[in-house]
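Q: 3D, please:
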Amino acid sequence: MIFISKFVLLPPFSPLTQIYKIHLVLDRSIEEHRIIASKPQLKSPSQPQLKLQSSQQQSGPQPQLQLQPQEKCQSHPKHVQGSYVRPPGPRLVSKNRYGYEITIVWIAGLDCWYGMLLFFVLLVYVVIEDMKDNGPCMKSMTNPSMETADKLHVVMFPWLAFGHMIPFLELSKVIAQKGHTVSFVCTRRNIDRLPKLPPNLAPLINLVKLQLHKVDKLPDNAESTIDLPYDEVKYLKMAYDQLQQPMTQILADLAPDWVIYDFAPYWLGPIATKLGISSVFFSVTIAISGCFLGPVQVLKGLSGEDDRNTPEDFTVRPKWIPFKSNIAYRLFEIKRIFEDVATANDENVPVSYRFGAGIEACDVLAVRSSYELEPEWLKLLQEIHQKPIIPVG
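A: Modelled structure (predicted):
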């Protein structure tokens, strides 16, 4: 944007001559662009922090995901560190580090249209020259690969269901749009079936393929819940749990700033902590679901607070929800998933335990929700788990 920042009328050299100086300054946000972000410090101040932005400002301090870019354009030969090279042109136009200076001289008594015409001619010249000089820089403002002071590397690790992989991929795109690098880790066949990445984000999202180990009773080429009937999904979880060692090696090799994981890899949080990597548990369900499941001790079966031992017990509001609500399972719904959710055996680590262990080890809990949708449930979820809650929409 070009605007007149200063108008100086100099004393005349003679009664018939006046000199007008008009300073045009280009508002280059790439020169002074700095967004101050706020977020609770989770680890040491020297460690890069992932900053998420909630969908609505609340009455208290809320975690935010914002970028703090500070770019200096180096993409054009005319740009020199700390100064600018004057472009060729008439001496009526000069350029310094603050912008353009145009000097207009005309004789008093002549038609004022002369001065206005000269001014607009020079203005057009300035705009054209500045577009030539700064075109690559202006493009870089919308380019997600721009260099930033706090560029992060984030690893994403979803559960092997498209209802989980797609939200993780969408969140990866949002993070990449902020200029950060994302490593999306999943099995080979699932990555091949994901939607194609947008061309402008593809350079920042690395698709890392893992080989899924074979286990007994798991059909060949079954790498997602869509490939299996519901009662065989537990064998997919058994194969998924064998990715613990490959994921540990990936995190050690990539050394990312953050890892964002799903409910299924309940073992990943402690690994990230051991490697000094900040972690986010990303729940692809809304906050109501998390509140209904309960606190970590209940989820892991370590507390006497939860007396829900039968499917019928899940059809009423649990006692840790302090306000009236009709949120509960219907009997036919909980009967279908009860064994997977609440029953442990040699072939199954319950979903509830996976949720509890995953949330317990994370630094931040991200929820696929918003304060516009369920403000009271997001607040309750934070009270239940005593961790920063970030609704990602």
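Q: show me where the stretch 201-350 of the chain has strands.
A: Under the criterion DSSP state E, counting those that start in this stretch, the stretch 201-350 of the chain contains strands at 205-210, 258-261, 278-283.
Q: got the ones you listed as TSV, with mean pLDDT and distance to Y371 columns?
A: Every C-beta, even on glycine, is put in place using the N, C-alpha and C of the backbone. Shown next, in TSV, are the strands of the stretch 201-350 of the chain (pLDDT from 0 to 100; distance: least, CB to CB, whole Å):
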stretch	mean pLDDT	distance to Y371
strand 205-210	98	28
strand 258-261	98	20
strand 278-283	98	16
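Q: Distance to R317 and mean neighbour count added to these, as JSON lines?
A: Formatted as JSON lines, those follow (distance: least, CB to CB, whole Å; neighbours: other CB atoms under 10 Å):
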{"stretch": "strand 205-210", "distance to R317": "40", "mean neighbour count": "17"}
{"stretch": "strand 258-261", "distance to R317": "29", "mean neighbour count": "26"}
{"stretch": "strand 278-283", "distance to R317": "20", "mean neighbour count": "24"}
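Q: Which residue is the nearest non-sequential neighbour of I277?
A: Closest residue to I277 apart from its sequence neighbours, by CB to CB, 6 or more residues apart in numbering: V259 at 5.4 Å.
Q: and H385, how far is that from C186?
A: 27 Å (CB to CB, to the nearest Å).
Q: Please identify which of those two sits among more neighbours.
A: Taking neighbours as other CB atoms under 10 Å, H385 and C186 compare with C186 leading, 27 against 21.
Q: Would you give the sheet partners of the strand or helix carrying the more buried one, along with the direction of each?
A: Assigned by DSSP states H and E, C186 falls within strand 181-187. Sheet pairing of strand 181-187 (DSSP bridges) gives strand 153-157 (parallel), strand 205-210 (parallel).
Q: and it, what's its mean pLDDT?
A: Across strand 181-187, pLDDT averages out at 98.
Q: before we move on, what about stretch 162-177?
A: Mean predicted confidence for stretch 162-177 is 97.
Q: And stretch 355-370, by the same measure?
A: Here the average pLDDT along stretch 355-370 is 96.
Q: can you tell me the distance between the two ends of it?
A: With CA to CA, to the nearest Å applied, stretch 355-370 spans 20 Å between its terminal residues.
Q: buried sites along that stretch?
A: Residues of stretch 355-370 classed as buried by neighbour count (16 or more other CB atoms under 10 Å): 355-370.
Q: now swap in stretch 371-386 and tell me
A: Neighbour-count burial for stretch 371-386 [16+ other CB under 10 Å]: 371, 373-374, 377-382, 384-385.
Q: Residue ranges in the stretch 201-350 of the chain under the pLDDT threshold?
A: In the predicted model, the stretch 201-350 of the chain carries pLDDT under 70 at residues 303-306, 342-346.
Q: if you set the cut-off to 90 instead, what comes out?
A: 231, 300-311, 313-314, 319, 326-327, 329, 332-350 (pLDDT under 90).
Q: Helices of that one, residue ranges please.
A: Counting by DSSP state H, counting those that start in this stretch, one finds helices in the stretch 201-350 of the chain at the ranges 233-241, 244-254, 268-274, 287-293, 296-299, 331-342.
Q: Need the contact partners of the longest one.
A: Think helix 331-342. Helix 331-342 has contacts (CB atoms under 8 Å, 6 or more residues apart in numbering) with 230, 233-234, 308, 311-312, 314-315, 348, 350-352.
Q: Can I get the residues you listed in JSON lines including neighbour count?
A: Formatted as JSON lines, the contacts of helix 331-342 follow (neighbours: other CB atoms under 10 Å):
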{"residue": "Y230", "neighbour count": "10"}
{"residue": "V233", "neighbour count": "20"}
{"residue": "K234", "neighbour count": "17"}
{"residue": "R308", "neighbour count": "18"}
{"residue": "P311", "neighbour count": "19"}
{"residue": "E312", "neighbour count": "13"}
{"residue": "F314", "neighbour count": "22"}
{"residue": "T315", "neighbour count": "14"}
{"residue": "N348", "neighbour count": "17"}
{"residue": "P350", "neighbour count": "19"}
{"residue": "V351", "neighbour count": "19"}
{"residue": "S352", "neighbour count": "22"}
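Q: Restricted to helices, list the buried residues of stretch 371-386.
A: 377-382, 384-385 (DSSP state H).
Q: so P265 makes contact with G358?
A: Yes. Between P265 and G358 there is a contact under CB atoms under 8 Å: 7.1 Å.
Q: Once you drop chain neighbours, what's closest to R189?
A: E223 (4.4 Å).
Q: Give me the neighbour count for the one you found.
A: 24.
Q: cool, E232 as well?
A: 14.
Q: What about the buried residues of stretch 355-370, which are in helices?
A: 355-361.
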